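Engineer: here you go, sequence then predicted model.
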Amino acid sequence: MTLSWTCKKFNDLSLTELYELLQLRSEVFVVEQACAFQDIDGQDMAAYHLLGHTPDGKLAAYARLFDAGIAYEEVSIGRVIVAPKFRRFGLGQELMRQAIAHCEQYFAPQPIKIGAQQYLERFYSSFGFVQCGDMYLEDGIPHIPMRRS
């Protein structure tokens, strides 16, 4: 499956794009993961929003990208999601390749940090991320800090 990718600052998102990305984040992070947490955390306005749409316009993949000093001291990627009905097509790998490339484009090549759900450590390791701290619980879900040099 081939997606078309766009990356926009918050103020450049259409209302429809904003609605779609918030709906997808809620579907996955709140409902699917049975986790009551404040997804709208005040950081969206400082992020670039990477959107992967199917040929028929459905939002299939999404991530937030931050310059250094916003979420972490380093550039960072967060809210990495592939919509449930589009999983198993390799879109997670493409999403991460796109996210890393966009970080390098917007923020120049430099280390990238993520707070990864622990069970995805092998997935993120395949992109050069290495655990850089101890496991911690975030909203009851085990996470690990990871860094890509």
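Structural biologist: In hand now; what should we look at?

Engineer: going forward, measure contacts between C-alpha atoms and count neighbours the same way
Structural biologist: Fine.

Engineer: what average pLDDT does the helix ranked longest in the chain get?
Structural biologist: Under DSSP state H, the helix in the chain containing the largest number of residues is helix 91-107. What helix 91-107 shows for mean pLDDT is 97.

Engineer: what packs against it?
Structural biologist: strand 59-66, strand 75-82 (3 or more Cα pairs under 8 Å, 6 or more residues apart in numbering; DSSP states H and E).

Engineer: so where do the helices sit in the chain?
Structural biologist: Under DSSP H, the chain gives helices at 15-25, 91-107, 121-125.

Engineer: quick one: closest of those to Gly52.
Structural biologist: Closest approach to Gly52 among these (Cα to Cα): helix 91-107, 7.6 Å.

Engineer: as PDB, could you dump the C-alpha coordinates of the closest one?
Structural biologist: Output of helix 91-107 as PDB, limited to C-alpha atoms (Å, rounded to 0.1, in the frame of the first residue of the first chain):
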ATOM      1  CA  LEU A  91       3.300   1.200   7.100                       C
ATOM      2  CA  GLY A  92       4.900   1.400  10.600                       C
ATOM      3  CA  GLN A  93       8.300   1.100   8.900                       C
ATOM      4  CA  GLU A  94       7.500   3.600   6.200                       C
ATOM      5  CA  LEU A  95       6.100   6.000   8.900                       C
ATOM      6  CA  MET A  96       9.300   5.900  10.900                       C
ATOM      7  CA  ARG A  97      11.500   6.300   7.700                       C
ATOM      8  CA  GLN A  98       9.300   9.400   6.800                       C
ATOM      9  CA  ALA A  99       9.500  10.800  10.400                       C
ATOM     10  CA  ILE A 100      13.300  10.500  10.600                       C
ATOM     11  CA  ALA A 101      13.700  12.000   7.100                       C
ATOM     12  CA  HIS A 102      11.400  14.900   8.000                       C
ATOM     13  CA  CYS A 103      13.200  15.500  11.300                       C
ATOM     14  CA  GLU A 104      16.500  15.700   9.300                       C
ATOM     15  CA  GLN A 105      14.900  18.100   6.800                       C
ATOM     16  CA  TYR A 106      13.300  20.400   9.400                       C
ATOM     17  CA  PHE A 107      15.900  20.300  12.200                       C
END
